[in-house]
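Visitor: Return a 3D structure for these sequence lines:
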Amino acid sequence: MSHNHVHIAKNNVKANNLVYSILLNLLITLAQVVGGIISGSLALISDALHNFSDVLSLVFSLFAHKLSRKKASIEQTFGYKRAEILAAFINASTLIIVALILIYGAIERFVHPQPIQSNTVIWLAILGILVNGFSVLLLKSDANHNLNMKSAYLHLLTDMMASVAVLVGGLLMKFYGWYWVDSVMTILIALYLIAVGFDLVKKSTKILMLFTPEHIDIKEIVREVHKVEGVGKLHHIHVWYLNEEEIHLEAHLDCPEDFTLTQFDEVLNRIEMVLFEQFGINHTNIQPEFKKEDPKDFIVQD
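Guide: Numbers count the residues shown, from 1 in each chain. Below is the predicted model of the structure:
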């Protein structure tokens, strides 16, 4: 089986930004817990709970990032390249769990409303906006090309939005005495968490389950590879993400002639360039066959 592999530049994720974000979120979590207890605001305590889940998720993201950079070994032939994908899946799942807890608490508080010290809520919400806003800026560039960092970024972004919602609620409570707003804002925050969490769970699950990347059309791959001189039928195809930087393809290839290894390597190099340049596939593993009796479908159940 012939195997080729195009090396690509790895995205340089700034792990120090995660450390700064962890410290900042610890600060705001402690402040909001104390403020929520003093003021009696469920939305503030809910925001603190969300912030604390962010601290845990950021720590996990940092650990996964460090782990993913470890080299392959005999025991781990791929290294820990999927650690960040796993972290993204777990972090997104915690977003949904936290959201459900918030909804339960908000409904309970809506049924049994309590007076809230709005001034404390307002000032701590402003602090939350500033701290989370700064953390969001720290991770924004890395979130564009790394699913693990995107999960951490989304945790922080939703925290900032939650703080904005808490601020609005605090102002309405201060000037109009609408204490029910606290519960409504909590539910709105939770629904948004479920939406963004579900999207991230879906994306990370597809990678973990070895689904074909969404932008890749296997039929189009077959059409383009069949244009290469010296190629027979491409079949028994698998395409998947190893992580966000590596797309793998393995397949069987019927050869029209009984090629020498040197001749087949020339054909393989041409196939590899087509796959990389047109589809972004940088790790190719193709089994050559000549007059072999086996299934010739594109997709064959192993």
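
Visitor: Break this structure down into its domains, please.
Guide: Here the domain assignment for the chain is 2-208, 218-289, based on automatic domain parsing.

Visitor: among those, which is nearest Pro295?
Guide: Pro295 lies closest, by Cβ to Cβ, to one member of the domains of the chain: domain 218-289, at 6.9 Å. For glycine as for every other residue, the C-beta is placed from the backbone atoms N, C-alpha and C.

Visitor: Could you tell me the end-to-end distance of that closest one?
Guide: Terminal residues of domain 218-289 lie 20 Å apart, using Cα to Cα, to the nearest Å.

Visitor: chain center to it, what's the gap?
Guide: For domain 218-289, the separation from the chain centroid amounts to 29 Å (computed by Cα atoms, centre = their mean, to the nearest Å).

Visitor: From the structure, what's the count of residues near Thr77?
Guide: 7 (other Cβ atoms under 10 Å).

Visitor: Quick check: it vs Tyr176, distance?
Guide: 63 Å (Cβ to Cβ, to the nearest Å).

Visitor: What of Asp217?
Guide: 55 Å.

Visitor: The two: who's more crowded?
Guide: Asp217 (14 against 10).

Visitor: tell me the phi and psi of the more buried one?
Guide: Main-chain torsions, Asp217, degrees, to the nearest 10: phi -110, psi 110.

Visitor: So the spatially closest residue to Tyr192 that is not a sequence neighbour, which state does it fall into?
Guide: Sequence neighbours aside, Thr158 is the residue nearest to Tyr192 in space, at 6.2 Å (criterion: Cβ to Cβ, 6 or more residues apart in numbering). The local conformation at Thr158, judged by DSSP: H, G, I helix; E, B strand; the rest coil, is helix.

Visitor: Hmm, Thr158 is touching Leu95, no?
Guide: Yes: counting by Cβ atoms under 8 Å, Thr158 sits close enough to Leu95 to count as a contact (7.3 Å).

Visitor: Between these two, which contacts overlap?
Guide: Both Thr158 and Leu95 are contacted by Leu193, Val196, under the criterion Cβ atoms under 8 Å, 6 or more residues apart in numbering.

Visitor: Work out for me the element Leu242 sits within.
Guide: strand 234-243 (DSSP states H and E).

Visitor: and the next element down the chain from the lowest-mean-pLDDT helix or strand in the chain?
Guide: Least confident helix or strand of the chain, by mean pLDDT, DSSP states H and E, is strand 2-5 with a mean of 52. The element immediately downstream of strand 2-5 (helix or strand, assigned by DSSP H and E) is helix 15-39.

Visitor: Just give me how far that next one sits from the chain centre.
Guide: Worked out by Cα atoms, centre = their mean, helix 15-39 lies 23 Å from the chain centre.

Visitor: Need the residues that contact it.
Guide: Looking at helix 15-39 with Cβ under 8 Å, 6+ apart, the contacting residues turn out to be 41-42, 44-45, 47-48, 51-52, 54-55, 58-59, 61-62, 65-66, 116-121, 123-124, 127-128, 131-132, 134-135, 138-139, 142, 149, 152, 156, 159.

Visitor: Next up, the contacts around the nearest residue to Asp254 once chain neighbours are set aside.
Guide: Nearest residue to Asp254, sequence neighbours excluded (Cβ to Cβ, 6+ apart): Gly232, at 3.3 Å. By Cβ under 8 Å, 6+ apart, Gly232 lies in contact with Leu253, Asp254, Cys255, Pro256.

Visitor: what bridges to the first one?
Guide: Leu253 forms beta bridges with Leu234, Pro288, as assigned by DSSP bridges.

Visitor: So what's the residue count around it?
Guide: Neighbours around Leu253, by other Cβ under 10 Å: 24.

Visitor: How much space separates it from Glu272?
Guide: Counting by Cβ to Cβ, the gap from Leu253 to Glu272 is 12 Å.

Visitor: Reformat the domains of the chain as JSON lines; add distance to Phe298.
Guide: Below are these laid out as JSON lines (distance: least, Cβ to Cβ, whole Å):
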{"stretch": "domain 2-208", "distance to Phe298": "19"}
{"stretch": "domain 218-289", "distance to Phe298": "5"}
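
Visitor: Out of the ones you listed, which gets nearest to Val300?
Guide: Comparing those by Cβ to Cβ, domain 218-289 comes nearest, at 4.7 Å.

Visitor: mean confidence for that closest one?
Guide: Across domain 218-289, pLDDT averages out at 93.

Visitor: now swap in stretch 137-145 and tell me
Guide: 81.

Visitor: begin at 27 from here
Guide: Done: numbering now begins at 27, and the last item shifts to stretch 163-171.
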